[in-house]
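I'll drop the sequence and a predicted model, then ask my questions.
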Amino acid sequence: MGKSKILCLHGGGSNNEVTQFQTAGLKLSSRADCHYLHAPHQANRCYPGLQKFVDGPFWTWSEASDSEQWDKSLESIAEYCRKEGPFDAVFGFSQGAAIITQFSYPVIWKERFGFPSCPWKSAILACGGAASNVVNDHQVKIDIPSLHIMGSADPYLAESKALLEWWTAGSARTYTHQKGHEIELLILSREEELGTILNEFLLL
């Protein structure tokens, strides 16, 4: 049996190099075949502080609430999933968590893009952001397993909680770490319980 496949989506004003640090910190890249997809739009600026750690360019799924850019990003994800999917799981940080939430609605993956099933079986959403970008006119909950990683000191904690509301409660797990809007390389050495939860979640 081969490694599981995980699609990984960065946050706004970020890039795949940042996501590689995050997936290494969560030990996803050591246990799975991680596919890193950057957004189709170059960001006007990077997320504050990232330029100290990685080089650009930096990308965004949407500047502010630009619905045309958001739709183009959904198309980009669909195209990639047709070529490389399906995936056992998807990982998204911040704005990446929001667009995963949007795409996980059947009205998007099934009715708009014609997938026979959602192109990922489960979702890991870290430090969610950009919740206001997510549109769900039918008020339907997403019924696939999800793990929501939040930061107790995250200035966007309310965004994480808002995204959580769109997922079926019985299939959603949550974990709150002790720092801010970040998933750093050493997170599991500090948050051992998160490692246990990830191990259990990825075995679903």
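Arrived safely, thanks for sending. Numbering: from 1, shown residues only.

what are the ranges of the strands in the protein?
Listed in chain order, the strands of the chain (DSSP state E) span 4-9, 32-37, 41-42, 59-60, 89-93, 123-126, 146-151, 172-177.

which one of those lies nearest to Phe201?
strand 146-151 (4.8 Å; CB to CB). C-beta coordinates here come from the backbone N, C-alpha and C atoms, glycine included.

for the closest one, packing partners?
Where contact means 3 or more CB pairs under 8 Å, 6 or more residues apart in numbering; DSSP states H and E, strand 146-151 is packed against strand 123-126, helix 157-164, strand 172-177, helix 192-202.

export these to a markdown table and tack on distance to Leu185, mean neighbour count and mean pLDDT?
Listed next are the helices and strands packed on strand 146-151 as a markdown table, based on distance: least, CB to CB, whole Å; neighbours: other CB atoms under 10 Å; pLDDT from 0 to 100:
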| stretch | distance to Leu185 | mean neighbour count | mean pLDDT |
| --- | --- | --- | --- |
| strand 123-126 | 14 | 28 | 98 |
| helix 157-164 | 21 | 19 | 97 |
| strand 172-177 | 13 | 17 | 97 |
| helix 192-202 | 13 | 14 | 94 |
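
so which of these is nearest Ile108?
strand 123-126 (13.4 Å).

sheet partners, orientation included, of the closest one?
strand 89-93 (parallel), strand 146-151 (parallel) (DSSP bridges).

any idea which of the ones you listed is most buried?
Of all the strands paired with strand 123-126, strand 89-93 has the most neighbours on average by mean count of other CB atoms under 10 Å, namely a mean of 28.

so for it, mean pLDDT?
Over the span of strand 89-93, the pLDDT mean works out to 98.

re earlier: same list (the strands paired with strand 123-126) but as CSV, adding distance to Leu164.
Formatted as CSV, the strands paired with strand 123-126 follow (distance: least, CB to CB, whole Å):
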stretch, distance to Leu164
strand 89-93, 13
strand 146-151, 5
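
show the low-confidence segments of this protein, by residue range.
Applying pLDDT under 70 to the chain flags residues 1, 138, 204.

what's the longest helix seen in it packed up against?
Across the chain, the helix with the greatest residue count (assigned by DSSP state H) is helix 67-84. Counting contacts by 3+ CB pairs under 8 Å, 6+ apart, helix 67-84 is packed against strand 4-9, strand 32-37, strand 41-42, helix 95-103.
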